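[1] Okay, sequence plus prediction incoming.
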Amino acid sequence: MELVQSRALMIVKSDGRREEFNRDKLWSSLTKACAKRPLPIGTLEKVIAEIESVLADTGKSEIPARALGELVMERLKELDRVAYIRFASVYRDFRDIETFKEEIEALLQPRTEPTVPDNQLPLMEEDKPLLPKRKRRGRKPLSPPGRPKS
């Protein structure tokens, strides 16, 4: 029988300390950021699973804490902007109201629509309606009396 042994993923802090990746710590941070937000059940579990998958896919045994924080912020920005601001305010350690304001203003900028790459066909053409128009069936004009129908 083959035994697969996985090494612990280490998070490298900004001061150089290393600490083992802790799923519970990530859960706690996300729970605090998303407290009282209208998120579907299972959303945080899904976010954590996505983050763990990205970390595993790097193939590295050490990940900078900054990279982990950015992964979390990317997911929160897509998920809930209030939760994102809550997390960012702690993670980025906003020193004054101006940096906090700049972060909020960046969120308020209109989102650009995703574009279709040149080498990919669009899912639906913009000009054409989703469903073809149905032809109305009308009655055929009656032929005058005394004439055979053709």
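    Nice, I can see it. What you see is a predicted model; the values in this text were computed from it and never measured.

[2] How many residues are close by the closest residue to residue 100 other than its chain neighbours?
    Nearest residue to residue 100, sequence neighbours excluded (Cβ to Cβ, 6 or more residues apart in numbering): residue 94, at 4.6 Å. C-beta: built from backbone N, CA, C; applies to glycine. Residue neighbour count, defined by other Cβ atoms under 10 Å, stands at 16 for residue 94.

[3] Which secondary structure state does residue 94 sit in?
    Secondary structure, DSSP: H, G, I helix; E, B strand; the rest coil: residue 94 is coil.

[4] Return the distance of residue 20 relative to residue 51.
    Residue 20 sits 15 Å away from residue 51, going by Cβ to Cβ, to the nearest Å.

[5] Of all the residues in stretch 53-67, which ones are buried?
    Using 16 or more other Cβ atoms under 10 Å as the burial criterion, the residues of stretch 53-67 that qualify are 55, 63, 65.

[6] Strands - which of these land there?
    Mapping these onto strands (DSSP state E) picks out residue 63.

[7] returning to what we had before: the more surrounded of residue 20 and residue 51?
    When residue 20 and residue 51 are compared for neighbours, residue 51 comes out ahead with 19 against 9, by other Cβ under 10 Å.

[8] now for the strand or helix carrying the more buried one, which elements pack on it?
    Secondary-structure element containing residue 51, defined by DSSP states H and E: helix 43-58. Secondary-structure packing of helix 43-58 (3 or more Cβ pairs under 8 Å, 6 or more residues apart in numbering; DSSP states H and E): helix 23-33, helix 65-79.
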